[in-house]
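In: Build me a model from this:
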Amino acid sequence: MKNAYERFVRPLLFSIDPESAHHLGIASLRAAANLQPVLRALERFRPEPKPKTVFGVHFPNPIGLAAGLDKNGVALPAWAALGFGFIEIGTVTAKAQPGNPKPRIFRFPKQSALINRLGFNNHGADAIARRLKELKRSGRWPKVPVGINIGKSMGTPIAEASADYLYSFQLLREFADYIVLNVSSPNTPGLRELQGAQALAELLRAIAEKNLCTPKPVLVKIAPDLTLDELESIMAACEANGVAGIIATNTTLDHSSIPPDQDQQGGLSGAPVSEKSTALVRAIAARSTIPIIASGGIVDGDSAREKIEAGAKLLQIYTGLIFRGLGLLREIAEAIP
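Out: All right, here's what the predicted structure looks like:
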């Protein structure tokens, strides 16, 4: 049975351009983040606490907001009020950038899926660091863990990627409970080359050298389109360099679930990526003890429980939230152990 969001709110949001709907939602939550009475009202959506401690960080519940929804970290208090157990902002790049040309987000309601080719559009590490510093000073910092997802600026050559990531890392690490290295978006040319064993090891070593004083957990976000041999190389590099966790997975380039006459270039998220993402979670859990955050195709309680049973310690949602609304939080909380 459809919930109130699916019956009334989603049709309104889906009647306008996807990116405009996204901006409307973020603007509303940004406004709510500054109004204590509104934040208290939002708390009715909160699921029951299910605390977990993973890579040394305490999470009030295992359901997090995936990177991509709040790229610039403008609505942190609102996400916490809604009941997310943790919030991941970004992807943030060293340089501010507009991303790829519009249109660049496409809905596929029959498949409960999105395709995006946004291209890391964000305000840049300097502006986001200033915003987060002001939020800290205001006393409104959320009481849930905040992860910061960082990526390579589009204009930076792959050979200079480590320096680019380091710039964002050094600016933002003080605000983060954990840092994610996004090396798997399909929408920045060449980025997935950083999943190669040598390139990834070089990046991880560079980050580790700047992560010695009060170290922060460093995670790596990987693609769902990896072969088992590629995954083996990635996991070896992560284990050798003290990676605290793996986020599995980003969007997929497998568009076989989308009718050819409707297909678009970009990364596919939502229900069609669930099986592929779960398989990768299971493969990681079978060969490593590194904690896994499952992200990809979590659209209901069953798909969330599958990820936990496959070996995930924590979950992240994005596309499922777009299609199911905030009721999805409670549904997942009730479905998982």
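
In: Name the nearest residue to Asn182, sequence neighbours excluded.
Out: Of all residues not flanking Asn182 in the chain, Gly151 sits nearest, at 4.2 Å (C-beta to C-beta, 6 or more residues apart in numbering). All C-beta atoms are positioned from the backbone trio N, CA, C, and that covers glycine.

In: what separates that neighbour from Pro157, distance-wise?
Out: 14 Å (C-beta to C-beta, to the nearest Å).

In: Next: Thr188.
Out: Counting by C-beta to C-beta, the gap from Thr188 to Pro157 is 12 Å.

In: between these two, which one's more packed in?
Out: Taking other C-beta atoms under 10 Å, Thr188 and Pro157 do not tie; Thr188 has more neighbours (25 against 9).

In: For the closest residue to Pro186 other than its chain neighbours, what are phi and psi?
Out: Distances taken as C-beta to C-beta, 6+ apart place Gly267 nearest to Pro186, at 4.6 Å, with adjacent residues excluded. Torsion angles at Gly267 (phi, psi; degrees, to the nearest 10) stand at phi -90, psi 130.

In: Could you do Gly196 as well?
Out: Dihedral angles (degrees, to the nearest 10) for Gly196: phi -60, psi 150.

In: Next, the contact list for it, please.
Out: Each residue near Gly196 by C-beta atoms under 8 Å, 6 or more residues apart in numbering is listed here: Ser233.

In: Could I get the full set of helices for the stretch 101-250 of the chain?
Out: In the stretch 101-250 of the chain, helices defined by DSSP state H, counting those that start in this stretch lie at 125-138, 161-172, 197-209, 228-240, listed in chain order.

In: Pull the residues that contact the longest one.
Out: Spelled out, it's helix 125-138. 72-74, 76-77, 89, 92-96, 122-123, 141, 150, 167-168, 171-172, 175.

In: Just the buried ones out of the residues you listed, please.
Out: Listed as buried from those are 72-74, 76-77, 89, 92-96, 122-123, 150, 167-168, 171-172, 175; burial here means 16 or more other C-beta atoms under 10 Å.

In: In space, what's closest to Leu202 - neighbours in sequence excluded?
Out: Rather than Leu, residue 202 is Glu. In space, Glu202 is closest to Ser162, 6.0 Å off (C-beta to C-beta, 6+ apart).

In: Roughly how far does that neighbour sit from Ala283?
Out: 27 Å.

In: for Pro186, what are its contacts?
Out: 192, 223, 250-251, 253, 266-267.

In: tell me how far the ends of stretch 63-78 are from each other?
Out: 15 Å (C-alpha to C-alpha, to the nearest Å).

In: For that stretch, give the mean pLDDT please.
Out: If you average the pLDDT over stretch 63-78, you get 98.

In: now do stretch 132-146
Out: Mean predicted confidence for stretch 132-146 is 97.

In: quick revisit: surely the residue nearest to Glu202 meets Ala201?
Out: No: if you go by C-beta atoms under 8 Å, Ser162 and Ala201 don't touch, sitting 10.6 Å apart.

In: Of the two, which one has the most company?
Out: In this view Ser162 and Ala201 are compared by other C-beta under 10 Å, and Ser162 has more residues nearby, 21 against 17.

In: Contacts only, for that one.
Out: By C-beta under 8 Å, 6+ apart, the neighbours of Ser162 are 202-203, 206-207.

In: sorry, back to before: would you check how far apart the residue nearest to Pro186 and Ala244 are?
Out: Relative to Ala244, and taking C-beta to C-beta, Gly267 is found at 25 Å.

In: Counting neighbours, go ahead and name the busier of the two.
Out: Using other C-beta under 10 Å, the more surrounded residue of Gly267 and Ala244 is Gly267, with 23 against 19.

In: which residues does the more buried one bridge with?
Out: Asn116 (DSSP bridges).

In: my guess is it meets Asp254, correct?
Out: No: counting by C-beta under 8 Å, Gly267 stays clear of Asp254, with 10.0 Å between them.

In: Done for today, thanks.
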